[in-house]
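Asks: Sequence and predicted structure, then a few things I'm wondering about:
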Amino acid sequence: MSGIKGYFQESFTELVHKVTWPTWSELQNSAVLVMVATLIIALIVAAMDFSFGKLMHALYNLLY
């Protein structure tokens with residue numbers, strides 16, 4: 001059991017003393033960046049889906 005107890009003690013010590021936590025403004029800036037990137041990627045995927053759907057519809061109309 002001392003192995004598990006030592007693991008948690010070392011983990012706690014590292015989280016408290018060695019980890020650099022972001023400030024509130026850094027956290028907000030990162031969140032905004034993630035939201036903007038997600039929106040851009042979603043728009044790109046939506047455009048690809050729309051284009052592919054139109055292309056497949058046109059091909060089906062040609063063949064059938």
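Replies: Arrived safely, thanks for sending.
Asks: For Ile40, grab the count of nearby residues.
Replies: The burial count assigned to Ile40 is 10, neighbours taken as other CB atoms under 10 Å. (Glycine included, C-beta is placed from N, CA and C.)
Asks: and stretch 11-22, how far apart are its ends?
Replies: 19 Å (CA to CA, to the nearest Å).
Asks: can you list contacts of it?
Replies: For stretch 11-22, contacts defined as CB atoms under 8 Å, 6 or more residues apart in numbering pick out Ser30.
Asks: what helix or strand does Leu27 sit in?
Replies: Assigned by DSSP states H and E, Leu27 belongs to helix 24-63.
Asks: Same question for Val16.
Replies: Per DSSP H and E, Val16 falls inside helix 2-17.
Asks: Could you tell me how far that helix lies from the centre of the chain?
Replies: 29 Å (CA atoms, centre = their mean, to the nearest Å).
Asks: Just give me how far the helix holding Leu27 sits from the chain centre.
Replies: For helix 24-63, the distance to the chain centre is 14 Å (CA atoms, centre = their mean).
Asks: can you pull the buried residues of it?
Replies: Judged by neighbour count (16 or more other CB atoms under 10 Å), helix 24-63 contains no buried residues.
Asks: Tell me where the model's unsure across the chain.
Replies: Where the chain drops to pLDDT under 70, the residues are 1.
Asks: Now do stretch 28-36: everything it contacts.
Replies: Contact partners of stretch 28-36, identified using CB under 8 Å, 6+ apart, comprise Pro22.
Asks: Export only the CA atoms of it, formatted as PDB.
Replies: Only the C-alpha atoms of stretch 28-36 are listed here, as PDB (Å, rounded to 0.1, in the frame of the first residue of the first chain):
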ATOM      1  CA  GLN A  28      -9.800  33.000 -21.500                       C
ATOM      2  CA  ASN A  29      -7.500  33.700 -24.500                       C
ATOM      3  CA  SER A  30      -7.000  30.000 -25.000                       C
ATOM      4  CA  ALA A  31     -10.700  29.200 -24.800                       C
ATOM      5  CA  VAL A  32     -11.500  31.900 -27.400                       C
ATOM      6  CA  LEU A  33      -8.800  30.500 -29.700                       C
ATOM      7  CA  VAL A  34     -10.200  27.000 -29.400                       C
ATOM      8  CA  MET A  35     -13.700  28.200 -30.100                       C
ATOM      9  CA  VAL A  36     -12.600  30.200 -33.200                       C
END
